[in-house]
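*Asks:* sequence first, then the predicted structure:
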Amino acid sequence: MEICALIMAGGHGTRFWPWSGALLPKQFLPIAHPEKSLLQMTFERVSGLCGTERVLILTNREYQAVVRTQLKDLPPENVIGEPLLRDTAAAVGFGSAVAALRWPDAVQVVLPADHEISPDERFQAILCQAARHAREDGRLYTIGITPTRPTSAYGYLKRGERLDSPEGFARNRVAAFVEKPDVETAKTYVESGNYLWNAGMFVWRSDAVQEALKRRLPEHASRLPEAAKSEGAPDFENIVKEAFLAVPKISIDFGVMQAEGANGNVCMIEGDFQWSDLGGWQAFADTLPPDGHGNRIYGHGMDWDGETWKEFWIPREPRQGDKDEDLSLGDVLTMDARDNLVFNNRRGHRISLFGVRDLAVIHTHKETLVTSRDLAEEIKPLVSNLPETPAKGGLSAVEKVEKPWGWELWWGWTDDFAGKTLFLRKGKRFSLQYHVVKEEVIYVHQGRARLETAARGEELREIVMEPGQAVHVEPGRLHRIEALEDCLLFESSLPFLWDVVRIADDFGREGTREAEAPGRKS
């Protein structure tokens with residue numbers, strides 16, 4: 001039996017703000033594994049079932065490059081970029097039409113990209129059962145997850161008529177799709193044994209879903225397959241965009257599955273594997289081991305046990321050779337603090353909690369969120385209404401600034417870094433200085449220079465730098481560069497431009513701490 005997979009990877013992931021956001025949503029982050037994104041884990045899980053050649057990724061055009069970077073084994077043409085957001089009915093309808101043209105005999109499996117599932121073998125076995133039945137009876141199938149607790153976070157599927165199925169698998173008609181209930185109602189659902197969680201996973205034949213689309217969403221059924229047929233045409237992108245503009249914005253659940261379920265055309269296979277949609281920070285906290293006081297920490301943790309600090313690393317201890325993108329962890333210290341969630345992926349930044357409980361503290365390189373743990377998954381109103389804030393700094397044009405030792409040319413200044421080119425005349429030198437928090441890299445492009453440097457408490461030592469050499473200056477390191485001949489240098493640093501402490505200076509500026517960027521003083 002031939003199977004192909006359609007993975008939905010277009011969401012913006014606001015529930016994991018500020019870790020996730022429009023530039024890098026939840027599905028591209030290593031939330032459930034220290035070295036793999038949720039998308040990568042989903043791809044590996046399903047490619048073990050159908051092979052890498054028969055997987056389509058349905059995403060937004062703005063994320064196509066990210067997908068191709070993360071999934072190097074996926075054929076580039078298998079990344080389908082939606083031209084605009086029209087909800088999942090448009091994404092699935094178009095992707096299904098593309099898949100039907102490429103693999104007309106394959107049963108289609110449609111999966112979200114951002115769920116945590118284990119074990120893979122049981123998941124694959126259940127999908128195979130759903131695919132076999134979908135091929136034989138032409139109905140639409142979904143996977144119902146055995147609930148482990150009452151929760152209002154998920155929608156529910158009500159069991160209908162029991163259908164024949166091989167031993168070890170349970171198959172039923174879906175009697176009803178139920179929207180997210182309140183907790184008390186969810187308790188009655190779980191106690192009854194007649195409801196399963198709706199995980200948003202679908203299995204069907206291409207002709208079956210196209211017929212359902214014709215009945216429920218005729219615009220989708222006519223416009224999207226026609227657009228898919230134009231793949232390879234010079235104006236393909238415009239054709240797809242026009243098709244998406246012409247269809248109503250609606251989810252596949254509302255638009256197709258609920259109505260088809262009411263007519264008895266939707267069945268489910270019970271998924272008895274471990275599953276989480278990782279819907280937000282509280283769900284993420286459940287994946288982290290607690291320390292001795294119930295704190296769940298992502299970072300370099302240290303918990304005070306009354307006598308000493310107990311150290312641990314979550315998700316893993318750094319390894320020699322790690323690149324910044326492999327693992328970035330900040331320090332988290334907790335004393336007399338209980339049952340908190342703390343996330344710190346800003347290397348060099350420390351968070352200390354003292355005498356507090358039930359907080360969620362989320363710190364990234366740009367933003368910090370502090371809320372109570374019971375509200376950590378309810379932050380969408382905050383994220384949706386955040387005011388637009390202009391980037392700190394910024395240059396409207398490249399600007400050259402004369403200096404007593406030469407000149408500097410500012411070419412970049414953002415929230416994340418500052419960059420400039422420096423010309424240091426022969427015989428001149430910068431001040432002997434250090435930075436409290438700023439890190440920088442200075443690269444010698446032309447000329448030879450003498451570097452004086454020392455870590456805190458060490459004696460100064462001299463190094464002659466040649467073109468092509470660079471020096472990394474960490475916070476607290478004394479450093480000074482003198483030009484042995486005219487030098488052209490490039491400098492890139494963190495954007496804390498005020499952070500200059502001069503110990504000695506040839507131009508009478510000792511001890512000053514001022515912004516060095518044009519037009520700015522701090």
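*Replies:* Yep, it's here. Numbering: from 1, shown residues only.
*Asks:* only alpha carbons, please: show the top strand by length along the chain as PDB.
*Replies:* Scanning the chain for the longest strand, with DSSP state E as the assignment, gives strand 195-205. C-alpha atoms of strand 195-205 as PDB (Å, rounded to 0.1, in the frame of the first residue of the first chain):
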ATOM      1  CA  TYR A 195     -14.700  10.600  24.200                       C
ATOM      2  CA  LEU A 196     -11.200  10.900  22.800                       C
ATOM      3  CA  TRP A 197      -9.000  13.900  22.200                       C
ATOM      4  CA  ASN A 198      -9.100  15.400  18.700                       C
ATOM      5  CA  ALA A 199      -5.500  15.500  17.600                       C
ATOM      6  CA  GLY A 200      -6.100  17.000  14.100                       C
ATOM      7  CA  MET A 201      -4.600  14.100  12.200                       C
ATOM      8  CA  PHE A 202      -6.400  12.800   9.100                       C
ATOM      9  CA  VAL A 203      -6.100   9.900   6.700                       C
ATOM     10  CA  TRP A 204      -8.000   9.600   3.400                       C
ATOM     11  CA  ARG A 205      -7.900   8.700  -0.300                       C
END
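*Asks:* residues in contact with that strand: which ones?
*Replies:* 92, 107-112, 115, 127, 130-131, 134-135, 138-147, 154-159, 177-178, 189, 252-253, 257, 268, 270-271, 275, 277 (CB atoms under 8 Å, 6 or more residues apart in numbering). (C-beta placed from N, C-alpha, C; glycine too.)
*Asks:* isn't residue 294 up against residue 339?
*Replies:* Yes - proximity of residue 294 to residue 339 meets the contact threshold set by CB atoms under 8 Å, at 4.2 Å.
*Asks:* mind listing which of the contacts of strand 195-205 are in strands?
*Replies:* Those of these lying in strands (DSSP E): 107-112, 140-145, 156-159, 177-178, 268, 270-271, 275.
*Asks:* okay, the nearest residue to residue 22 once chain neighbours are set aside: pLDDT?
*Replies:* Nearest residue to residue 22, sequence neighbours excluded (CB to CB, 6 or more residues apart in numbering): residue 12, at 5.5 Å. Listed pLDDT for residue 12 reads 78.
*Asks:* phi, psi for residue 12 please.
*Replies:* Backbone geometry at residue 12, expressed as degrees, to the nearest 10, gives phi -100, psi -10.
*Asks:* host element of residue 471?
*Replies:* Taking DSSP states H and E as the criterion, residue 471 maps to strand 470-473.
*Asks:* partner strands of that strand, with direction?
*Replies:* Sheet pairing of strand 470-473 (DSSP bridges) gives strand 440-446 (antiparallel).
*Asks:* where does the nearest residue to residue 367 once chain neighbours are set aside fall, phi/psi-wise?
*Replies:* Distances taken as CB to CB, 6+ apart put residue 18 closest to residue 367, at 3.5 Å, once the chain neighbours are dropped. Backbone geometry at residue 18, expressed as degrees, to the nearest 10, gives phi -90, psi 10.
*Asks:* same check, this time on residue 32
*Replies:* For residue 32, the backbone dihedrals (degrees, to the nearest 10) come out as phi -110, psi 0.
*Asks:* repeat that for residue 266.
*Replies:* Given degrees, to the nearest 10, the pair of backbone angles that residue 266 has is phi -120, psi 130.
*Asks:* let me know whether it touches residue 144 as I believe.
*Replies:* No - using CB under 8 Å, residue 266 is not in contact with residue 144; the gap is 10.7 Å.
*Asks:* overlap of the contact sets of these two?
*Replies:* With CB under 8 Å, 6+ apart as the test, residue 266 and residue 144 both reach residue 174.
*Asks:* quick one: buried residues of stretch 344-357?
*Replies:* 344-347, 349, 351, 353 (16 or more other CB atoms under 10 Å).
*Asks:* any chance of TSV for these, columns secondary structure and pLDDT?
*Replies:* Formatted as TSV, the buried residues of stretch 344-357 follow (DSSP: H, G, I helix; E, B strand; the rest coil; pLDDT from 0 to 100):
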residue	secondary structure	pLDDT
344	strand	96
345	coil	92
346	coil	89
347	coil	84
349	coil	92
351	strand	98
353	strand	98
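*Asks:* closest one of those residues to residue 100?
*Replies:* Nearest to residue 100 out of those is residue 345 (CB to CB; 41.5 Å).
*Asks:* look up how far residue 205 lies from that closest one.
*Replies:* 43 Å (CB to CB, to the nearest Å).
*Asks:* same question, residue 50
*Replies:* 15 Å.
*Asks:* ok, now residue 91?
*Replies:* For residue 91, the distance to residue 205 - CB to CB - is 19 Å.
*Asks:* what subset of the contacts of strand 195-205 is buried?
*Replies:* So, of the contacts of strand 195-205, 92, 107-112, 115, 127, 130-131, 134-135, 139-145, 147, 154-159, 177-178, 189, 252-253, 257, 268, 270-271, 275, 277 end up buried under the neighbour-count rule (16+ other CB under 10 Å).
*Asks:* flag every buried residue along stretch 323-337.
*Replies:* Counting neighbours by 16+ other CB under 10 Å, the buried set in stretch 323-337 is 327-335, 337.
*Asks:* that stretch - what's its average pLDDT?
*Replies:* Mean predicted confidence for stretch 323-337 is 89.
*Asks:* before we move on, the earlier item: Throw the buried residues of stretch 323-337 into JSON lines and include secondary structure and distance to residue 76, thanks.
*Replies:* Output for the buried residues of stretch 323-337, formatted as JSON lines (DSSP: H, G, I helix; E, B strand; the rest coil; distance: CB to CB, whole Å):
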{"residue": "327", "secondary structure": "coil", "distance to residue 76": "28"}
{"residue": "328", "secondary structure": "coil", "distance to residue 76": "29"}
{"residue": "329", "secondary structure": "coil", "distance to residue 76": "33"}
{"residue": "330", "secondary structure": "coil", "distance to residue 76": "36"}
{"residue": "331", "secondary structure": "strand", "distance to residue 76": "40"}
{"residue": "332", "secondary structure": "strand", "distance to residue 76": "40"}
{"residue": "333", "secondary structure": "strand", "distance to residue 76": "46"}
{"residue": "334", "secondary structure": "strand", "distance to residue 76": "46"}
{"residue": "335", "secondary structure": "strand", "distance to residue 76": "51"}
{"residue": "337", "secondary structure": "coil", "distance to residue 76": "48"}
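*Asks:* biggest separation within the residues you listed, which pair?
*Replies:* 327 and 335 (25.5 Å).
*Asks:* what residues does the lowest-mean-pLDDT helix or strand in the chain touch?
*Replies:* Taking mean pLDDT, DSSP states H and E as the measure, the chain has strand 399-403 as its least confident helix or strand, at a mean of 86. The list of residues contacting strand 399-403 from outside it, by CB under 8 Å, 6+ apart, reads 407-410, 518.
*Asks:* before we move on, the earlier item: which elements pack onto the next helix or strand after the longest strand of the chain?
*Replies:* Using DSSP H and E, the helix or strand that follows strand 195-205 towards the C-terminus is helix 206-216. For helix 206-216, the packing partners by 3 or more CB pairs under 8 Å, 6 or more residues apart in numbering; DSSP states H and E come out as helix 87-102, strand 140-145, helix 218-229, helix 258-262.
*Asks:* return the closest of the buried residues of stretch 323-337 with respect to residue 484.
*Replies:* Of the buried residues of stretch 323-337, the one sitting nearest to residue 484 (CB to CB) turns out to be residue 328, at 37.0 Å.
*Asks:* quick one on the thing from earlier: columns mean pLDDT and distance to residue 451 on top of the helices and strands packed on helix 206-216, output as JSON lines?
*Replies:* Shown next, in JSON lines, are the helices and strands packed on helix 206-216 (pLDDT from 0 to 100; distance: least, CB to CB, whole Å):
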{"stretch": "helix 87-102", "mean pLDDT": "97", "distance to residue 451": "55"}
{"stretch": "strand 140-145", "mean pLDDT": "97", "distance to residue 451": "60"}
{"stretch": "helix 218-229", "mean pLDDT": "96", "distance to residue 451": "60"}
{"stretch": "helix 258-262", "mean pLDDT": "92", "distance to residue 451": "69"}
